[in-house]
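# here you go, sequence then predicted model.
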Protein chains: 2
Amino acid sequence: MNKPALSPDQVIETLNWRYATKAFDPDRKIPDDVWHALEQSLVLAPSSFGMQPWKFFVVRNPQIRQQLVEDSFNQTKVAEASHLVVLAIKKDISADDVPDYVDRVSAVRNVPKEKLEGLANLIKGYLQEPPFPLQPDKWSAKQVYLALGFFLYSAALLGIDTCAIEGFVPAKYDEILGLAEQGYSAVVLCVAGYRAEGDQTADQAKVRYETDRVVAYID
Amino acid sequence: MNKPALSPDQVIETLNWRYATKAFDPDRKIPDDVWHALEQSLVLAPSSFGMQPWKFFVVRNPQIRQQLVEDSFNQTKVAEASHLVVLAIKKDISADDVPDYVDRVSAVRNVPKEKLEGLANLIKGYLQEPPFPLQPDKWSAKQVYLALGFFLYSAALLGIDTCAIEGFVPAKYDEILGLAEQGYSAVVLCVAGYRAEGDQTADQAKVRYETDRVVAYID
């Protein structure tokens, strides 16, 4: 890609089109090729050091999705939207996770592992003796929110409606989906699909503070 | 917008084009219209309840940017890239911040404040007695990372190079830029502009784990 994919106006138009969809059409499913791009948006999202301290669980079992509604403050969209993704951190990320990552760098870039010792030691040092207070799970959760941003954004580009959801009980999700035993913990959900006809939030104006309240220039 | 802005393949192409740029061309500046769209990507990013617990500081003063290099582990791109944004949380967000937000909802949607009491009480309740442990500054920081995701993504669409930066000393930034006294705290940086010719990272393969390691289906 040598030229921009969109103009500045198209970017703003896309961002204004997106909204937190409240009601989804339970009968419309995201086509496979579109879902593939959404999934790759999570896979290709950047993270600190490229460590990807995460895993994304796509819940397709309808009975389980129905069961999760109760642990999502009765938000039925958890069961009704085309897709439900549970974005989870890998718990207690640490220097012990570095060798796996460096092995992957070595394989993808075809670089001998011996030449990656500097990189390995840099990341290990950061995680073992961070230059400022660092709580691994909080750090990983922030990376997951960045990936969530990529997912929401791709959806808007592809004409897919979404809603990110913090209103759920992580401990119940971890238990029901078997995340805890695998070393993961749910931090945020996202449903994706198509808005229901008559979703009342679709036509509401987007509420944002004035730009000069949230952006400041230091000259 | 009734049809998708991009095809699934174009989305994946855009995501693959993006990389964490190490060296920027100090002579190339982002045009005003492109910068405007990048800035609006921060303004229009979603956040929990729409609370926007953040502020984005764009540092344009060259002397200050040079000074910040030292507090950024000597990463000269902090001074060299076209733009430097400091993404900050509003510290100690609480129920006290709700009335301002509800006033804004009232103004933008032209709804009497009396009709927004339910919304106000919902958000206040969540912040005062959250259904699960909630540390306000950590919560706000996660929202900021989502906004960072929107910024990085817009940049890729617009052909702008970026690098998100966690390697800096937040306390020094807060002090030098006067954030602390305004009730804000820096959580992450982003530089944006154009890669330097010969930036060695540009041609390196993107390293990601295999999709089936980071995406799981629960059927």
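Yes, it's here. Residues are numbered from 1 along each chain as shown, chains lettered A, B, ... in the order given.

# what's the single longest helix in chain A?
helix A:136-157 (DSSP state H).

# what packs against it?
Helices and strands touching helix A:136-157, as assessed by 3 or more CB pairs under 8 Å, 6 or more residues apart in numbering or on different chains; DSSP states H and E, comprise helix A:8-17, helix A:32-43, strand A:54-59, strand A:83-90, strand A:161-165, strand A:184-193, helix B:8-17, helix B:136-157. All C-beta atoms are positioned from the backbone trio N, CA, C, and that covers glycine.

# now for those, which one comes closest to residue B:188?
For those, proximity to residue B:188 was assessed by CB to CB; helix B:136-157 is nearest, at 5.8 Å.

# what's the angle from the helix or strand of chain A with the lowest mean pLDDT to helix A:136-157?
Within chain A, no helix or strand scores below helix A:117-128, which has a mean of 94 by mean pLDDT, DSSP states H and E. Between the axis of helix A:117-128 and that of helix A:136-157 there is an angle of 110 degrees, by axes from the mean of the first three to the mean of the last three CA atoms, to 10 degrees.

# one step back: out of the helices and strands packed on helix A:136-157, which is closest to residue A:135?
helix B:136-157 (8.3 Å).

# relative to the whole chain's centre, how far out is that closest one?
When C-alpha coordinates are averaged (CA atoms, centre = their mean, to the nearest Å), helix B:136-157 and its chain have centres 4 Å apart.

# again, but for stretch A:109-123
Its chain's C-alpha centre lies 28 Å from the corresponding centre of stretch A:109-123 when counted by CA atoms, centre = their mean.

# in that stretch, what's buried?
Applying a neighbour-count criterion of 16 or more other CB atoms under 10 Å in any protein chain shown, one finds A:116, A:119-120, A:123 buried in stretch A:109-123.

# find the nearest non-adjacent residue to residue A:161, please.
Of all residues beyond its chain neighbours, the one nearest residue A:161 is residue A:21 (4.2 Å), with distances taken as CB to CB, 6 or more residues apart in numbering or on different chains.

# ok, that neighbour touching residue A:200?
No. When contacts are counted by CB atoms under 8 Å, residue A:21 is not listed as touching residue A:200 (10.7 Å).

# and these two? Which one has more around it.
Between residue A:21 and residue A:200, counted using other CB atoms under 10 Å in any protein chain shown, the more crowded position is residue A:21 (23 against 9).

# need the contact list for the more buried one.
Residues near residue A:21 by CB atoms under 8 Å, 6 or more residues apart in numbering or on different chains: A:77, A:81, A:161-163, A:191, A:193, A:195, A:199, A:201-202.

# then residue A:198?
In this structure, residue A:198 makes contact with residue A:23, judged by CB under 8 Å, 6+ apart.

# rounded mean pLDDT for stretch A:159-168, please.
Predicted confidence along stretch A:159-168 averages 97 (mean pLDDT).

# CA atoms of it as PDB?
Listed in PDB are the C-alpha atoms of stretch A:159-168, where the atom choice follows Å, rounded to 0.1, in the frame of the first residue of the first chain:
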ATOM      1  CA  GLY A 159     -20.300  -2.000   7.900                       C
ATOM      2  CA  ILE A 160     -20.600  -4.300  11.000                       C
ATOM      3  CA  ASP A 161     -22.300  -3.200  14.100                       C
ATOM      4  CA  THR A 162     -20.700  -3.800  17.500                       C
ATOM      5  CA  CYS A 163     -21.000  -3.100  21.200                       C
ATOM      6  CA  ALA A 164     -18.200  -3.400  23.700                       C
ATOM      7  CA  ILE A 165     -19.400  -4.700  27.000                       C
ATOM      8  CA  GLU A 166     -17.800  -4.200  30.400                       C
ATOM      9  CA  GLY A 167     -21.000  -5.200  32.200                       C
ATOM     10  CA  PHE A 168     -20.500  -8.800  32.900                       C
END
